[in-house]
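In: Below are the sequence and a predicted model; questions follow.
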Amino acid sequence: MILDVRLPIGLMFSIFGVLLAVFGLASDPAIYETHSLGINVNLGWGLVLLLFGLAMLVLALRARRSAPLTEERPRLHD
Amino acid sequence: MLIQLGIIDYCLLSVYFVFVLGTGFVLRKGVGGTKDFLESGRSLPAWICALGFIGANLGAQEVMGMAASGAKYGIMTSHFYWIGAIPAMVFVAIFMMPFYYGSKARSVPEYLKLRFDEKTRGFNAVTFACMTVMSSGISMYALATLVHAILGWNFHLCIVASAVVVLVYIFMGGLRSAIYNEVLQFFLIVFGFLPLVLLGLKQVGGWSGLTRQLAVVAAQNGMAEGAWTHSWKYTGHVASNPMGIEWFGLAMGLGFVLSFGYWCTDFLVVQRAMAAENMSAARRTPIIAAFPKMLFPFLVILPGMLAIALHGGGVAGFSLPSKGDSLNYDMVVPAMLAHYFPTGLLGLGLTALIASFMSGMAGNVTAFNTVWTYDIYQSYIRPNASDAHYLAVGRAATVAGIAASVACAYTAAKFNNIMDVLQLVFAFVNAPLFATFLLGMFWRRTTGHGAFFGLLSGTLAAALHHGLSLPKGAQGGIKGGWLSIVHHYPSEMAQNFWTAIWAFSACLVATVGVSLATRQRRSADELTGLVYSLTPKPKEENVAWHKRPAVLGVGILTLALALNMIFW
């Protein structure tokens, strides 16, 4: 596999998450009153995206660590 | 309705473009020949193909169209999923994938050639190629129109930018690049629209609050209180539900003919499953896809229902833009985004929307370049050339397909009606297709002449039915009744479903008739792997029970049934 699709997905959503969460912390609370029922959705949803992105990255890295075993160094007993 | 974007919104949008193009750039190394470029090397795991399978279909027409229908017809729109897509996806996985993946065919038209004859393949290949170019052109046009309307960006710039981005990532990485981006876009849509549904539900007071508000909407339209929140209860009579269709037309027209026709024979989606690494993965692809697909109504239909509820109830200053003297339902999603998302999240929502347009285009372009290269160029223009030559042709077809899409987008902008007429013609061509496949795969006696003349009769029947009927309140012409009017349907939807039923039936009868009258030229040997009764069943001894298509399929159908009962 040239590229594990979870890698770009994980990276992109982590970046999205960090951008949104940081913006949520810094932004004027008034915008949430006019739009999102007073909830700071940027911070909250940013953290959700970050969590998802990190989970994808962990899965991709774990798969990468176990892949060379099967492809380049075949196990002795099979 | 103009939306002001902040710097953070532009940041999110740019990050997305960097990843889309970057993915294509990295994947360019994996393209060694036509098989890599057009079939993704048949090397992808089932879950990636599955998300590509629904991602390719999750174009903007789906996202914006389903929300519009949710506002217009309420929860009845879920029929497109729970009796439409889901059973069809299970069927294609269990019964049809063994032939698509197992035969030597590299595309749906090529299967038709192996099973029937050259003329049936040629007919399907040419109409399909035209259709993909048109759909991608219309996607492009819709994207540019929308972005121009809500963000005020330049129309021509939008067309060129979307064309270049899609071109670059397909040109570099081929089908694999398109599928990877569809997976990316799938998650983007889920995470981009979920907050919209959550915020809307919170404001309206949950499902019970929504039911109360929609009862008001139903009463305003002169229907029973639950007409917007029950999917089957009011389908006993055409006049008692907003869709204007009774249960038989719904189940047969939408559920059986249209949905099976699309999910089982449209190369755009089938191509994703054919890119899987092995037969087992190919068969699991549509089934794994069916799980998230089943939950999509909550993501794409609910925003429409929420929008009409909030508009009708006058809560919190939300209102839908109007178009003439009716509401502009197509603007449901943008209007909801602008209302509920503050700058920041708004960037995410718009990125998801733009991504859905682009993946709709990319899906069509990758289907086009494959059918063009294998079924038109290699078959009729220049057979027996080297693989490197066909790879170059595949790449050239990508450029040509996108150029033709741009031309279509401008045609749509200039002559709105011409595109509508063409789309109608292609709908006629597609409507009977499922009957041909059903007979071809399950009745070995079906002949090439039978298939070809069956398809022609089906198309003719569809055109005749459309020409003789008219939805209520419409003018004769593009909407129907261009021959003379013998029947009025209560809605356009009802007319569509019945056109499909007529086309399917005519194709079925004509195919059987002509097949019985002509000689089968294909021997049993030639039909092995193409017809159900002559093909050995895929072996499943080594497959764990929870990976067997039949087990998964039954599970999916049970869940779909449960959803139908809950929202009965």
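Out: Alright, I've got the coordinates.
In: Span of stretch B:265-282 from start to end?
Out: Stretch B:265-282 has an end-to-end distance of 15 Å (criterion: CA to CA, to the nearest Å).
In: got it, and stretch B:255-269?
Out: First-to-last distance for stretch B:255-269 - CA to CA - comes to 18 Å.
In: quick one: average confidence on that stretch?
Out: Average pLDDT, stretch B:255-269: 85.
In: now that stretch, how far from the chain's geometric center?
Out: How far stretch B:255-269 lies from its chain's middle: 8 Å, per CA atoms, centre = their mean, to the nearest Å.
In: Other residues contacting it?
Out: B:53, B:56-57, B:79-80, B:83-85, B:87-89, B:91-92, B:96, B:107-109, B:128, B:132, B:270, B:286, B:363-364, B:367, B:370-371, B:430-431, B:433-434, B:437, B:496-497, B:500-501, B:503-504 (CB atoms under 8 Å, 6 or more residues apart in numbering or on different chains). Heads up, the C-betas are built off the backbone N, CA and C, glycines and all.
In: If we use 7 Å, what do you get?
Out: Contact with stretch B:255-269 is made by B:53, B:56-57, B:83-85, B:87-89, B:91-92, B:96, B:107-108, B:128, B:132, B:363-364, B:367, B:371, B:430-431, B:433-434, B:437, B:497, B:500-501, B:504, as judged by CB atoms under 7 Å, 6 or more residues apart in numbering or on different chains.
In: list the helices and strands the helix or strand containing B:F426 packs on?
Out: Using DSSP states H and E, B:F426 sits in helix B:416-430. When contacts are defined as 3 or more CB pairs under 7 Å, 6 or more residues apart in numbering or on different chains; DSSP states H and E, helix B:416-430 packs onto helix B:118-151, helix B:387-414, helix B:448-468.
In: what's downstream of the strand or helix carrying B:L196, the next helix or strand?
Out: Assigned by DSSP H and E, B:L196 belongs to helix B:155-204. Moving toward the C-terminus from helix B:155-204, the next helix or strand (DSSP H and E) is helix B:206-220.
In: Just the mean pLDDT for that following helix, thanks.
Out: Averaging pLDDT along helix B:206-220 gives 81.
In: confidence score at B:A163?
Out: Per-residue confidence (pLDDT) for B:A163: 91.
In: which bits of chain A sit near chain B?
Out: Within chain A, the residues that sit near chain B (CB under 7 Å from any CB of the partner chain) are A:2-3, A:5, A:8-9, A:12, A:15-16, A:19-20, A:23-24, A:27, A:31-32, A:35-37, A:41-42, A:45, A:49.
In: are any of those residues buried, and which?
Out: The neighbour-count criterion (16 or more other CB atoms under 10 Å in any protein chain shown) marks A:3, A:5, A:8-9, A:12, A:15-16, A:19-20, A:23-24, A:27, A:31-32, A:35-36, A:41-42, A:45, A:49 among the residues of chain A next to chain B as buried.
In: So what touches stretch B:474-486?
Out: In contact with stretch B:474-486 (CB under 7 Å, 6+ apart) are residues B:417, B:420-421, B:466-471, B:492, B:495.
In: Show me what stretch B:278-293 is in contact with.
Out: B:45-47, B:49-50, B:53-54, B:81, B:85-86, B:89-90, B:92-94, B:97, B:101-102, B:272-274, B:276, B:538, B:543, B:547, B:549, B:552-553, B:556.
In: And the helices in chain A?
Out: Per DSSP state H, chain A carries helices over the ranges A:6-26, A:30-34, A:41-71.
In: I'd like those as JSON lines, with mean pLDDT appended.
Out: Below are these laid out as JSON lines (pLDDT from 0 to 100):
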{"stretch": "helix A:6-26", "mean pLDDT": "92"}
{"stretch": "helix A:30-34", "mean pLDDT": "79"}
{"stretch": "helix A:41-71", "mean pLDDT": "84"}
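In: So which of these is the most surrounded?
Out: For the helices of chain A, the largest average neighbour count (mean count of other CB atoms under 10 Å in any protein chain shown) is found in helix A:6-26, namely a mean of 20.
In: I'm done for today, thanks for sticking with me.
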